[in-house]
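Novice: below are the sequence and a predicted model; questions follow.
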Amino acid sequence: MEEIRHFLEGHKALALGGAVVGGAVVGALGVLGWTAFHKNDAGPLTPPVDPSSFTKKNHVYLLIPPRLGAVPSISPFCVKLETWFRMANIPYEVVETMSPSPSKQTFPYIYLNGEETADSRFIIEKCAQRFGKRLDNHLTEMEKAIFVAYSHMIEEHFVITYAWHRYTLGADTFWKNFMPYERLGPMGKRMAGAREFMRKGIQERAWLRGIGRHSPEEIYRLAEEDLQSLSTYLGNREFFFGREPSVIDCTLFAHLCQLLCLDVDFPPKKKLQSEWKNLADYVQRIKIRFYPDWNLVCSPKANGTDNRN
């Protein structure tokens with residue numbers, strides 16, 4: 001996740017190649033990718049990004065890690081941003097790469113008119129201003145305050161709970177289904193080292209955040225409290241604040257689809273089909289309305305333009 005760059009900054013040996021995907025440190029992926037790009041004995045997973053090829057004026061080039069299936073990206077922050085482009089009806093072009101942002105060493109990032117911008121929050125601000133597309137104009141001041149609070153809960157707390165599970169207790173299922181080495185080109189079995197690095201990375205980050213000091217049962221309880229709060233607030237509304245989508249819908253959808261669409265046995269997920277079914281229905285509504293090409297978008301190598309156009 002984006003804020004974990006602070007963790008990477010404290011580990012200078014990883015900083016050059018550090019990247020973040022799916023709410024956990026994937027510095028190993030960045031390091032291995034960096035190595036593949038710069039050693040003669042291994043070809044690159046994807047070519048290094050050449051910004052000079054992004055020549056279209058007022059055209060968004062969205063750079064994300066390679067798609068692996070089931071969801072548009074295993075990084076919720078990439079899904080959040082792609083969903084925002086669709087909700088705001090801004091055409092974009094996906095570029096799959098293992099090279100993280102030059103400025104912040106994170107995903108996602110964009111190039112627009114030759115300028116790189118990283119971090120989904122700042123990308124949305126930049127593009128909203130550039131294209132005059134602000135999804136939150138209809139919100140009241142109270143709703144804007146609630147938006148800030150829930151955004152931080154989802155992106156700074158909830159994500160740690162399920163990322164911790166994904167890369168520790170749920171790692172066998174995740175790596176088998178969504179990180180098969182044969183899909184990752186010449187890096188091949190060297191990715192096995194990334195798995196252990198990622199496990200240690202998320203455990204250390206979760207420990208520093210305080211969440212990792214708890215038992216698995218306690219961590220799941222924290223996740224359930226977040227989901228219960230979200231379900232209660234959403235109620236029977238179409239979107240988080242009513243009939244019109246806003247940025248919080250991009251955020252919530254991006255994280256919920258990580259639970260509902262990825263086959264990783266995260267225990268709180270079971271209640272999304274019973275007690276909090278309104279959250280599952282909410283995800284389905286957004287998929288239908290903004291991702292009519294969901295299966296195509298989620299497919300490996302589904303890069304190119306926004307496939308609705």
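Specialist: Happy to help now that I have it.
Novice: list the helices and strands the helix or strand harbouring Y61 packs on?
Specialist: For Y61, the element it lies in under DSSP states H and E is strand 60-64. Other helices and strands packing on strand 60-64, by 3 or more Cβ pairs under 8 Å, 6 or more residues apart in numbering; DSSP states H and E, are helix 76-87, strand 92-96, strand 109-112. C-betas here are computed from N, CA, C, even on glycine.
Novice: how far off centre is it?
Specialist: In this view, strand 60-64 has its centroid 13 Å away from the chain centroid, taken as Cα atoms, centre = their mean, to the nearest Å.
Novice: which outside residues touch it?
Specialist: Applying Cβ atoms under 8 Å, 6 or more residues apart in numbering, the external contacts of strand 60-64 come out as 49, 54, 73, 75, 78, 81-82, 85, 90-97, 99, 101, 107-112, 127.
Novice: now L259, nearest residue through space, not along the chain?
Specialist: Spatially, and ignoring its direct neighbours in sequence, L259 is nearest to K269 (4.9 Å; Cβ to Cβ, 6 or more residues apart in numbering).
Novice: I figured that neighbour hits C257, correct?
Specialist: No. Counting by Cβ atoms under 8 Å, K269 sits too far from C257 to count as a contact (11.6 Å).
Novice: can you show me the CA trace of stretch 213-227 as PDB?
Specialist: Extracted C-alpha coordinates of stretch 213-227, given in PDB (Å, rounded to 0.1, in the frame of the first residue of the first chain):
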ATOM      1  CA  ARG A 213       0.900  -7.700  17.800                       C
ATOM      2  CA  HIS A 214      -2.500  -9.400  18.100                       C
ATOM      3  CA  SER A 215      -3.500 -13.000  17.600                       C
ATOM      4  CA  PRO A 216      -5.100 -14.000  14.300                       C
ATOM      5  CA  GLU A 217      -8.500 -14.200  16.000                       C
ATOM      6  CA  GLU A 218      -8.000 -10.600  17.300                       C
ATOM      7  CA  ILE A 219      -6.900  -9.400  13.900                       C
ATOM      8  CA  TYR A 220     -10.000 -10.900  12.200                       C
ATOM      9  CA  ARG A 221     -12.200  -9.200  14.900                       C
ATOM     10  CA  LEU A 222     -10.700  -5.900  14.000                       C
ATOM     11  CA  ALA A 223     -11.500  -6.500  10.300                       C
ATOM     12  CA  GLU A 224     -15.000  -7.500  11.200                       C
ATOM     13  CA  GLU A 225     -15.500  -4.300  13.200                       C
ATOM     14  CA  ASP A 226     -14.500  -2.300  10.200                       C
ATOM     15  CA  LEU A 227     -16.800  -4.200   7.900                       C
END
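Novice: where in the protein is the helix or strand with the lowest mean pLDDT?
Specialist: Least confident helix or strand of the chain, by mean pLDDT, DSSP states H and E, is helix 12-15 with a mean of 33.
Novice: returning to what we had before: of K269 and C257, which one has the most company?
Specialist: C257 (24 against 21; other Cβ atoms under 10 Å).
Novice: which residues touch the more buried one?
Specialist: Contacts of C257 (Cβ under 8 Å, 6+ apart): V71, P76, V79, V283, K287.
Novice: which of these tops the neighbour count?
Specialist: P76 (32 neighbours).
Novice: my guess is that residue contacts A254. True?
Specialist: Yes. P76 is within contact range of A254, at 4.2 Å (criterion: Cβ under 8 Å).
Novice: that older thread, quick one, which of the helices and strands packed on strand 60-64 is nearest to F174?
Specialist: When the helices and strands packed on strand 60-64 are compared by Cβ to Cβ, helix 76-87 sits nearest F174, at 14.2 Å.
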